[in-house]
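1. The following comprises the amino acid sequence and a computationally predicted model.
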Amino acid sequence: MYKNYIFDLYGTLVDISTNEYKRSLWKNMALIYSMGGAPYKPAELNRQFNAYLKEQIDNVPKEKYTTHPEPRIEYVFQRLYTEKGVPCDMALASATGRTFRALSMKYIRLYDGVHELFDAIHSHGGRAYLLSNAQRIFTEPEIRMLGIYDEFEDVMISSDDGCAKPDIMFYKRILEKHSLDPAESIMIGNDYITDIKGSHEAGLDSLYLHTNISPEIKGELLSKYTVMSGSIFEAIGLLFPEE
């Protein structure tokens, strides 16, 4: 039995659907910026957002990652104001980012069995950690809203660290930060590359959950366990056979 359970979030514990390409999103965001004194047309805002995001990715310090840099997206929302001459602090940039996220979202919810899985981990003396490719300004409010933030010993998000899974540096940071023994730890995720291949290269066992938003598997699935149904209840049975 493992002592440390390292989780991916979206597609593993949380079912989410967003669309950042819909025209209504950029129309509404252009209105928000314009009402804040930073006039944009929807197409201009979309174009500048993508350009500034690419610059942020390119500017992540090389020492932070080996293969997968991760920017902080709030700086993009901030620059969209400041390039129009409007002062913008991090509070405004983060609030604008959360508005963007809410407008792009169709739904967000926990998968069935999430609370039961955490109960099983804690009842067996285990510790849960989050290792998510995500943006802090989106993810922390969302997992607090969903009521699972306090289930984790630590919440590690790629935007804070400057690198993202499957970059081995991201895995090493959580192992080193908490002095976790890889032999006592397992990665649980729904992406066969970022979660399974990445954790394998970091020396971790892994449990793969095939869910409704998992990418298609191409090639070998490097995993000690495979749960093709996507059922968290089946995962509980694999991790804790006596349950």
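-> Sure, I can see it.

2. domains in the chain, as residue ranges please.
-> 4-16+108-239, 18-106 (automatic domain parsing).

3. most tightly surrounded among the ones you listed?
-> The highest mean neighbour count among the domains of the chain, using mean count of other C-beta atoms under 10 Å, belongs to domain 4-16+108-239: a mean of 19. For the C-beta atoms, the positions are set from N, CA and C on the backbone; glycine is no exception.

4. Now do that domain: distance from first to last residue.
-> 12 Å (C-alpha to C-alpha, to the nearest Å).

5. which SS state does Leu207 fall under?
-> Following DSSP: H, G, I helix; E, B strand; the rest coil, Leu207 is assigned to strand.

6. Tell me the pLDDT of it.
-> At Leu207, the model reports a pLDDT of 94.

7. now do the one 4 residues further on
-> Taken from the predicted model, the pLDDT recorded for Thr211 is 93.

8. any low-confidence regions in the chain?
-> For the chain, the stretches flagged by pLDDT under 70 are 222, 225, 227-229, 243.

9. The longest helix anywhere in it packs against which elements?
-> When the chain is parsed with DSSP state H, its longest helix is helix 42-58. For helix 42-58, the elements it packs on are helix 23-35, helix 74-82, judged by 3 or more C-beta pairs under 8 Å, 6 or more residues apart in numbering; DSSP states H and E.

10. can you tell me which of those comes nearest to Ser158?
-> helix 74-82 (13.8 Å; C-beta to C-beta).

11. Just name whatever secondary elements that closest one is in contact with.
-> Against helix 74-82 (3+ C-beta pairs under 8 Å, 6+ apart) you get helix 42-58, helix 90-104.

12. chain center to that helix, what's the gap?
-> Chain-centre distance of helix 74-82: 21 Å, with C-alpha atoms, centre = their mean, to the nearest Å.

13. which other residues reach that helix?
-> 33, 36-38, 40, 45, 48-49, 52-53, 56, 87-90, 92-94, 96-97, 100, 135, 137 (C-beta atoms under 8 Å, 6 or more residues apart in numbering).

14. rerun that using 10 Å as the cut-off
-> 29, 33, 36-38, 40, 45, 48-57, 59, 72, 86-100, 135-138, 159 (C-beta atoms under 10 Å, 6 or more residues apart in numbering).

15. CA atoms of that helix as CSV?
-> Taking Å, rounded to 0.1, in the frame of the first residue of the first chain, the C-alpha atoms of helix 74-82 are listed here in CSV:
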residue,chain,number,x,y,z
GLU,A,74,-2.2,36.8,-15.0
TYR,A,75,0.7,38.7,-16.6
VAL,A,76,-1.1,38.4,-19.9
PHE,A,77,-4.3,39.9,-18.6
GLN,A,78,-2.2,42.6,-16.9
ARG,A,79,-0.4,43.5,-20.1
LEU,A,80,-3.6,43.8,-22.1
TYR,A,81,-4.5,46.7,-19.8
THR,A,82,-1.1,48.3,-19.6
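
16. which residues touch Ala120?
-> Ala120 neighbours (C-beta under 10 Å, 6+ apart): Tyr5, Gly113, Gly126, Ala235, Ile236, Gly237, Leu239, Phe240, Glu243.

17. gap between the residue nearest to Gly11 when sequence neighbours are not counted and Leu9?
-> Among residues not flanking Gly11 along the chain, Asn190 sits closest, at 3.9 Å (C-beta to C-beta, 6 or more residues apart in numbering). Per C-beta to C-beta, to the nearest Å, Asn190 is found 10 Å from Leu9.
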